[in-house]
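Student: Sequence and predicted model, in that order:
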Amino acid sequence: MTVALFSGSRRRTAVALGAVSAGLLVLSACDKPTPVATLTVGTESVHSEAACYNDGDAIKESQVQECLNKKAEKTITVAADDRIRFGVDPEVADNGWTIFLGGEQAEAEPYKKTYRTISAGAFFSAQPGETVDQTQVTIVENTGKKLTGVWHFQLKKES
């Protein structure tokens, strides 16, 4: 003789509650993803999470130079006459963001919009007689004088 411990509807309810509990446990163990920055040339885009990010708080002074010197993991090929579209998450734009070239700040004032377009030729200018085939572009989120996020991209000149 077998006796059912739970009726069909109670069993389904217990399974559903168990699944929800397991799902919440899994979600609580996940890290919050960093904001994303995107570069688009024509129809090709590359996206990157931050190389350095501290949940919107300032990156420690001792880590800033190391963050700025990291190598880009994402590459996009551009022609000198292409237009590069830069995009950042709204929370990055709210704080302001600046473009760095080769680890050096290329702009004086932070930009406060989520999207902007710059000619690719601006990133490949070199001294007379020198040719530059690739360059690293870094997007830096900054609140005042403090850096809060760093995203790296490699621009490769189309041959």
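Tutor: Yep, that arrived.
Student: you'd agree Gly56 is up against Asp94?
Tutor: No - using C-beta atoms under 8 Å, Gly56 is not in contact with Asp94, being 9.9 Å away. Glycine gets a C-beta too; all of them are placed from N, C-alpha and C.
Student: which residues touch the closest residue in space to Thr40 that isn't next to it in sequence?
Tutor: Of all residues not flanking Thr40 in the chain, Arg85 sits nearest, at 4.3 Å (C-beta to C-beta, 6 or more residues apart in numbering). With contact set as C-beta atoms under 8 Å, 6 or more residues apart in numbering, Arg85 has these partners: Thr38, Leu39, Thr40, Val41, Tyr115, Arg116, Thr117.
Student: 10 Å instead?
Tutor: By C-beta atoms under 10 Å, 6 or more residues apart in numbering, the contact list for Arg85 reads Thr38, Leu39, Thr40, Val41, Gly42, Ser45, Tyr115, Arg116, Thr117, Ile118.
Student: Could you do Ser48 as well?
Tutor: For Ser48, the contact set (C-beta under 10 Å, 6+ apart) comprises Thr34, Val36, Ala37, Thr38, Leu39, Ala72, Glu73, Lys74, Ile139, Trp151, His152, Phe153.
Student: repeat that with 8 Å
Tutor: Val36, Ala37, Thr38, Ala72, Glu73, Lys74, Trp151, His152, Phe153.
Student: now these as a markdown table including neighbour count and distance to Gln63?
Tutor: Output for the contacts of Ser48, formatted as a markdown table (neighbours: other C-beta atoms under 10 Å; distance: C-beta to C-beta, whole Å):
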| residue | neighbour count | distance to Gln63 |
| --- | --- | --- |
| Val36 | 14 | 21 |
| Ala37 | 26 | 19 |
| Thr38 | 19 | 24 |
| Ala72 | 19 | 18 |
| Glu73 | 12 | 18 |
| Lys74 | 16 | 21 |
| Trp151 | 28 | 15 |
| His152 | 24 | 15 |
| Phe153 | 22 | 20 |
